[in-house]
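Asks: give me a 3D structure for the following:
(chains A and B)
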2 protein chains.
Amino acid sequence: MKALLIIAHGSRRKQSNEEVVAIAERLKQHCSEQYKIIHAGFLELADTLIPEGIKKCVDDGATSIIVLPYFLNSGRHVIEDIPQIVNETKPYYPDIEIKIAAHLGASTLIMDLLVSSANAIK
Amino acid sequence: MKALLIIAHGSRRKQSNEEVVAIAERLKQHCSEQYKIIHAGFLELADTLIPEGIKKCVDDGATSIIVLPYFLNSGRHVIEDIPQIVNETKPYYPDIEIKIAAHLGASTLIMDLLVSSANAIK
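Replies: Residues are numbered from 1 along each chain as shown, chains lettered A, B, ... in the order given. The predicted structure follows:
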């Protein structure tokens, strides 16, 4: 069973974190056939942290987990911090496949997203 | 003539800022018919700052400018800082229409972007 774990930076502003959780909830409706399990987590400053998020996916029955960095740029958090935490967590779940997707800014769809956001205010 | 001004946060890491400039460059190919002028700018920490970015658009012949916040969450930067700087800059260009688009996380396309990023590593 496939799981998606969206990882945002985490903010001291509660509402920002709630937005990420809400996006994970909406995503459940959007791709529930493909990914039965979807959770949101945070690199820092907010519950759920990455190891907890991975545990939630496993507890829900995940056999493979895609960690999806909810970041636009490939900064240190994307290149070093998230991979490091994921790699430290992997040994606890030797039977689970855990992969990290590219950050959102790397997607070709980012162009469509930019144009669509601009056009929405016309 | 319509212009798009992508505004990212700005980073001390030069490469992150260059990514935003590169996205603006790619966007020129993607929607040059609709938006003849496209520039990238930053809220802080990097050249070009917002007033400079608006000036670049005007110097290129823009008659209307859409400021596009390159942010995933609606934090203080999106809700307060960018609007404040844009509003302080508007009086210098009374004949130019300047609007601010929603942050990227507010787009319905964000769902497609998430799924596409996840699927890309399968």
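Asks: so, low pLDDT: which residues of chain A?
Replies: A:122 (pLDDT under 70).
Asks: got the phi/psi numbers for the most centrally placed residue in chain A?
Replies: Nearest to the mean C-alpha position of chain A, by C-alpha atoms, centre = their mean, lies residue A:6 at 1.3 Å. Taking degrees, to the nearest 10, you get phi -80, psi 130 for the backbone angles of residue A:6.
Asks: contact partners for it?
Replies: For residue A:6, the contact set (C-beta atoms under 8 Å, 6 or more residues apart in numbering or on different chains) comprises A:20, A:23-24, A:27, A:38-41, A:68, A:70, B:114. For glycine as for every other residue, the C-beta is placed from the backbone atoms N, C-alpha and C.
Asks: who are the packing partners of the lengthiest helix in chain A?
Replies: Counting by DSSP state H, the longest helix found in chain A is helix A:14-31. If contacts are counted by 3 or more C-beta pairs under 8 Å, 6 or more residues apart in numbering or on different chains; DSSP states H and E, helix A:14-31 sits against strand A:2-8, strand A:37-42, helix B:110-119.
Asks: pull it out as CSV, backbone CA atoms only.
Replies: What follows is helix A:14-31, C-alpha atoms only, in CSV (Å, rounded to 0.1, in the frame of the first residue of the first chain):
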residue,chain,number,x,y,z
LYS,A,14,-0.2,27.9,13.4
GLN,A,15,-2.3,28.8,10.4
SER,A,16,0.5,28.1,8.0
ASN,A,17,0.9,24.6,9.3
GLU,A,18,-2.8,24.1,9.2
GLU,A,19,-2.8,25.0,5.5
VAL,A,20,-0.4,22.2,4.8
VAL,A,21,-2.5,19.7,6.7
ALA,A,22,-5.6,20.9,4.8
ILE,A,23,-3.7,20.4,1.5
ALA,A,24,-2.9,16.8,2.6
GLU,A,25,-6.6,16.3,3.3
ARG,A,26,-7.7,17.7,-0.1
LEU,A,27,-5.0,15.5,-1.7
LYS,A,28,-6.7,12.4,-0.2
GLN,A,29,-9.8,13.2,-2.4
HIS,A,30,-7.6,13.9,-5.4
CYS,A,31,-5.6,10.7,-5.6
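Asks: for the residue nearest to residue A:121 when sequence neighbours are not counted, grab the count of nearby residues.
Replies: Closest residue to residue A:121 apart from its sequence neighbours, by C-beta to C-beta, 6 or more residues apart in numbering or on different chains: residue B:101 at 5.0 Å. Residues lying near residue B:101 (other C-beta atoms under 10 Å in any protein chain shown) number 23.
Asks: Provide the backbone phi and psi angles at residue B:101.
Replies: Residue B:101 has phi and psi values of phi -80, psi 170 when expressed as degrees, to the nearest 10.
Asks: sorry, back to before: for residue B:46, which of the helices and strands packed on helix A:14-31 is the nearest?
Replies: strand A:2-8 (22.1 Å; C-beta to C-beta).
Asks: got the angle between the closest one and strand A:37-42?
Replies: 20 degrees (axes from the mean of the first three to the mean of the last three C-alpha atoms, to 10 degrees).
Asks: strand partners (parallel or antiparallel) of strand A:2-8?
Replies: In the sheet, strand A:2-8 lines up against strand A:37-42 (parallel), strand A:64-69 (parallel) (DSSP bridges).
Asks: turn those strands into JSON lines, including distance to residue B:52 and mean neighbour count.
Replies: Converted to JSON lines, the strands paired with strand A:2-8 look like this (distance: least, C-beta to C-beta, whole Å; neighbours: other C-beta atoms under 10 Å in any protein chain shown):
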{"stretch": "strand A:37-42", "distance to residue B:52": "33", "mean neighbour count": "24"}
{"stretch": "strand A:64-69", "distance to residue B:52": "30", "mean neighbour count": "24"}
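Asks: great, nothing more from me.
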